[in-house]
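Novice: sharing a sequence plus its predicted fold:
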Amino acid sequence: MVFKKIKDIIESLDVKLISNDRKSALQPLIEYIQAKISSQQELRLNFICTHNSRRSHLSQVWAQAIASHFELKNVFCYSGGTATTALFPMVSNTLEKSGFKVRVISEGINPVYSIKYDKNEHPIIGFSKTYDDNFNPQSEFAAIMTCSHADADCPFIAGAEERILITYDDPKEFDGTAQQEAKYEERSLQIATEFFYVFSKIN
């Protein structure tokens with residue numbers, strides 16, 4: 001069961017805030033997930049953004065937690081980039097504020113985080129890596145492009161069954177401003193709302 005604070009946030013999300021254009025963008029992902037669930041196959045989603053530091057991690061974490069909220073089994077969410085940097089600290093702070101239990105398990109220029117969302121599930125291991133890193137699936141997955149730059153740089157993702165474009169504005173542009181914390185939370189909740197919509201459509 002997902003932690004109470006996460007559950008409360010998930011149950012407060014308002015899918016009426018999602019525009020019809022965004023729902024159209026999300027539809028291919030809904031169809032991919034439904035096909036996997038209906039055929040009782042494992043579902044693997046790899047969220048890809050240039051630096052694997054912000055949007056791709058938020059997408060990975062929320063998608064995994066919301067799949068758990070809907071009690072969907074055999075759902076495995078990953079993330080990667082076209083380059084390796086580091087998970088940006090404001091992302092982990094934003095997730096902690098939302099009820100995730102975040103712990104640094106390895107220090108350094110690219111720290112490794114344990115991100116726990118459910119009492120009984122393995123934590124998500126969060127760190128920056130390329131989309132084709134050995135940590136990520138090599139076949140039988142959907143590549144979800146969460147930024148337009150990575151989409152342009154990677155017209156072909158080896159091993160992906162589907163390549164789905166669902167881009168988000170980068171909260172990085174507010175780094176170092178008074179709006180930073182609020183903008184990261186805003187982007188986090190947008191991502192959560194859209195993945196709640198996606199998984200709510202799965203039968």
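Specialist: Done, it's in.

Novice: for stretch 194-203, give me every contacting residue.
Specialist: Counting by CB atoms under 8 Å, 6 or more residues apart in numbering, stretch 194-203 makes contact with 10, 13, 15, 18, 22-23, 26, 29-30, 33-34, 37-38, 59, 62-63, 66-67, 69-70, 72, 166, all of which sit outside it. For glycine as for every other residue, the C-beta is placed from the backbone atoms N, C-alpha and C.

Novice: so A192 touches I9, yeah?
Specialist: Yes. Using CB atoms under 8 Å, A192 and I9 qualify as a contacting pair, with a distance of 6.9 Å.

Novice: what segments of this structure are helices?
Specialist: 4-12, 20-38, 55-69, 89-97, 148-153, 180-200 (DSSP state H).

Novice: burial-wise, tell me which of these comes out on top.
Specialist: By mean neighbour count, with neighbours taken as mean count of other CB atoms under 10 Å, helix 55-69 ranks first of the helices of the chain at a mean of 26.

Novice: now for that helix, which elements pack on it?
Specialist: Counting by 3 or more CB pairs under 8 Å, 6 or more residues apart in numbering; DSSP states H and E, the packing neighbours recorded for helix 55-69 are helix 4-12, strand 43-48, strand 75-80, helix 89-97, strand 124-126, helix 180-200.

Novice: could you dump the helices of the chain to TSV with mean pLDDT?
Specialist: Rendered in TSV, the data for those read as follows (pLDDT from 0 to 100):
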stretch	mean pLDDT
helix 4-12	98
helix 20-38	98
helix 55-69	98
helix 89-97	98
helix 148-153	79
helix 180-200	98
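
Novice: distance to N120 added to the ones you listed, as CSV?
Specialist: Supplementary listing: the helices of the chain in CSV, determined by distance: least, CB to CB, whole Å:
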stretch, distance to N120
helix 4-12, 14
helix 20-38, 21
helix 55-69, 9
helix 89-97, 19
helix 148-153, 33
helix 180-200, 19
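
Novice: pull the contacting residues for D151.
Specialist: Going by CB under 8 Å, 6+ apart, D151 touches 145, 165, 167.

Novice: neighbours of the last one, how many?
Specialist: Residues near T167, counting by other CB atoms under 10 Å, number 16.

Novice: from what I can see S114 touches H122, true?
Specialist: No. S114 is beyond contact range of H122, at 9.3 Å (criterion: CB under 8 Å).
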